[in-house]
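Novice: A structural model of the following input is requested.
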Amino acid sequence: MRRLLNARPGGGARFLLGLLPILALALLYLGVASARHSENPRDKITPIPAAMAEAVQTMAFEVDPRTGEVPLVADTKASLRRLGIAMGLAAATTLVLGLVIGLFPYVNAGLGPVTATISVIPPIAVLPILFIVFGLGEVSKIVLIFVGVTPVMVRDLAGHVRALPEEQIVKAQTLGAGAWLTLIRVALPQALPRLIENLRLSLCPAWVYLISAEAIAADVGLGYRIFLVRRYLSMDIILPYVVWITLLAVIMDLALVAWSRGFYGWAHPRRAH
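Specialist: Below you'll find the predicted structure:
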């Protein structure tokens with residue numbers, strides 16, 4: 001057992017081990033789809049690959065005469081714009097609030113409890129309020145994502161800053177650093193890798209909030225399209241859209257990992273093989 005705990009797969013083995021469950025799920029789906037279509041060739045619940053390929057051709061490469069745009073391209077641009085604006089605002093807010101709440105005890109006493117309280121409110125529960133206050137346009141969707149991820153990110157980053165070794169703060173003050181310089185030179189460099197990690201962990205809920213908002217009130221977007229075609233049981237469109245959303249999320253996650261490792265390699269110690 002100890003040997004198994006200490007064994008670590010190499011690069012090729014790691015890739016194959018990660019690929020096997022995906023291949024198993026794909027084969028399972030193909031088996032189920034083939035069985036259902038052998039019984040009912042018009043089955044729409046589990047479309048065969050040929051039907052999905054035809055739907056992808058229509059949605060990703062053909063212009064919609066009603067809008068003059070390729071549906072998948074227009075939906076992706078709209079969703080990524082909303083997600084990018086919301087996550088950018090969330091990251092900036094988290095960095096500022098997380099640093100000051102974590103570093104200054106009086107700010108923590110004033111803002112810490114309210115941040116902790118807001119962070120446990122289900123964002124979907126306040127979606128009707130956001131639609132009433134901000135309308136059905138872009139702002140309400142962006143605000144939903146922002147409200148959904150920011151309090152949790154602030155709470156975590158503030159806790160990370162508070163957990164910095166007190167010796168670092170004392171040493172900086174001994175060398176003549178004031179509050180502002182201590183924040184910039186001591187807390188900020190150690191908070192940035194944690195902020196990137198928070199962004200990674202927030203991607204999944206951010207996508208959930210985005211798709212929820214687009215499903216309720218939107219005329220373009222990945223979530224809008226999925227909920228538009230569900231009334232026709234168009235699984236040949238829904239499944240490729242789900243795969244595309246997953247691929248976008250994976251690319252974002254890998255980009256954040258590369259960013260963190262490239263600029264803050266010290267925060268990613270290598271484990272011995």
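
Novice: got the residue ranges for the helices in this protein?
Specialist: With DSSP state H, the ranges of helices along the chain come out as 2-6, 11-39, 49-61, 71-103, 105-119, 127-134, 138-162, 166-174, 179-182, 188-216, 222-229, 235-263.

Novice: How far off centre is the shortest one?
Specialist: From the chain centre to the centre of helix 179-182 is a distance of 32 Å (Cα atoms, centre = their mean, to the nearest Å).

Novice: if we can go back for a sec, ranking the helices of the chain by mean pLDDT, which is last?
Specialist: Among these, helix 2-6 carries the lowest mean pLDDT, at a mean of 68.

Novice: Go through it and flag the buried ones.
Specialist: Neighbour counts over helix 2-6 (16 or more other Cβ atoms under 10 Å) mark no residue as buried. Placement of C-beta: from N, CA and C, glycine included.

Novice: what do you get for stretch 192-210?
Specialist: Going by neighbour count (16+ other Cβ under 10 Å), the buried part of stretch 192-210 is 192-203, 206-207, 209-210.

Novice: likewise stretch 151-166?
Specialist: By neighbour count, and taking 16+ other Cβ under 10 Å as the criterion, the buried residues in stretch 151-166 are 151-158, 160-162.

Novice: do stretch 19-37 as well
Specialist: For stretch 19-37, the neighbour count (16+ other Cβ under 10 Å) marks 33, 36 as buried.

Novice: Any chance you could give me that stretch in PDB, C-alpha atoms only?
Specialist: Output of stretch 19-37 as PDB, limited to C-alpha atoms (Å, rounded to 0.1, in the frame of the first residue of the first chain):
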ATOM      1  CA  LEU A  19      -8.400  10.200 -21.000                       C
ATOM      2  CA  LEU A  20      -9.700   6.700 -20.000                       C
ATOM      3  CA  PRO A  21     -12.800   7.900 -18.100                       C
ATOM      4  CA  ILE A  22     -13.800  10.200 -20.900                       C
ATOM      5  CA  LEU A  23     -13.500   7.500 -23.500                       C
ATOM      6  CA  ALA A  24     -15.500   5.200 -21.200                       C
ATOM      7  CA  LEU A  25     -18.300   7.700 -21.000                       C
ATOM      8  CA  ALA A  26     -18.200   8.300 -24.700                       C
ATOM      9  CA  LEU A  27     -18.400   4.500 -25.400                       C
ATOM     10  CA  LEU A  28     -21.200   4.200 -22.900                       C
ATOM     11  CA  TYR A  29     -23.200   6.900 -24.600                       C
ATOM     12  CA  LEU A  30     -22.600   5.400 -28.100                       C
ATOM     13  CA  GLY A  31     -23.800   2.100 -26.800                       C
ATOM     14  CA  VAL A  32     -27.000   3.600 -25.300                       C
ATOM     15  CA  ALA A  33     -27.600   5.800 -28.400                       C
ATOM     16  CA  SER A  34     -27.200   2.800 -30.800                       C
ATOM     17  CA  ALA A  35     -29.500   0.600 -28.700                       C
ATOM     18  CA  ARG A  36     -32.300   3.300 -28.500                       C
ATOM     19  CA  HIS A  37     -32.000   4.100 -32.300                       C
END
